[in-house]
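Q: Sequence isn't available, so here's the structure alone:
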């Protein structure tokens with residue numbers, strides 16, 4: 001099976017000498033083209049964005065095989081010393097599956113119900129994948145308001161940085 005296509009939405013290049021902060025690069029590779037086979041990673045911070053269509057492998061339900069393959073790729077990055085954050089969609093799809101709803105809800109309150117039901121299920125699946133790799137995970141639900149308010153942004157940033165310091169993989173989902 002071909003590995004799922006996950007998109008890197010941001011990464012930081014290691015500064016020369018391997019320490020310090022690098023520069024944000026705008027040409028972003030896919031997870032498949034990131035150089036994980038070399039002994040030293042070229043990037044120190046990696047954000048992996050996984051959309052619903054990747055998690056469902058084009059179907060209606062979350063694909064455990066897709067999650068495992070993405071998890072293995074992220075596990076490899078972590079073993080090589082990268083700092084990784086996972087941004088995941090798919091909560092509404094997991095909620096649809098759990099509630100037996102075949103079509104996406106059209107109104108916002110129904111979408112929120114699907115996402116609320118599915119978020120716990122999706123996190124449980126991610127936790128199972130990363131537990132097998134001995135990688136602890138943390139759930140971070142963020143809203144646009146969390147990132148537009150300076151104090152809320154700083155709180156979220158501190159939480160994520162502390163996750164990195166504790167070698168915990170933050171799994172981020174936007175909470176509409």
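A: Now that the structure is in, tell me what you want to look at. None of the values given here were measured: they were computed from a predicted structure.
Q: Could you point out which residue ranges in the chain have low pLDDT?
A: Scanning the chain for pLDDT under 70 picks out 1-41, 175-176.
Q: hmm, 80 instead?
A: Residues of the chain that meet the criterion pLDDT under 80 lie in 1-44, 102-106, 174-176.
Q: what about the helices in it?
A: In the chain, the helices defined using DSSP state H lie at 52-55, 64-79, 91-99, 108-132, 144-148, 150-165.
Q: Check the offset of stretch 125-133 from the chain's centre.
A: 13 Å (C-alpha atoms, centre = their mean, to the nearest Å).
Q: buried ones in that stretch?
A: Using 16 or more other C-beta atoms under 10 Å as the test for burial, stretch 125-133 gives 125, 126, 127, 129, 130. All C-beta spots, glycine's among them, are computed from the backbone N, C-alpha and C.
Q: Which residues does the residue nearest the centre of the chain form beta bridges with?
A: Among the residues of the chain, the one closest to the centroid is residue 86, at 1.9 Å (C-alpha atoms, centre = their mean). Beta-bridge pairing of residue 86 under DSSP bridges involves residue 48, residue 171.
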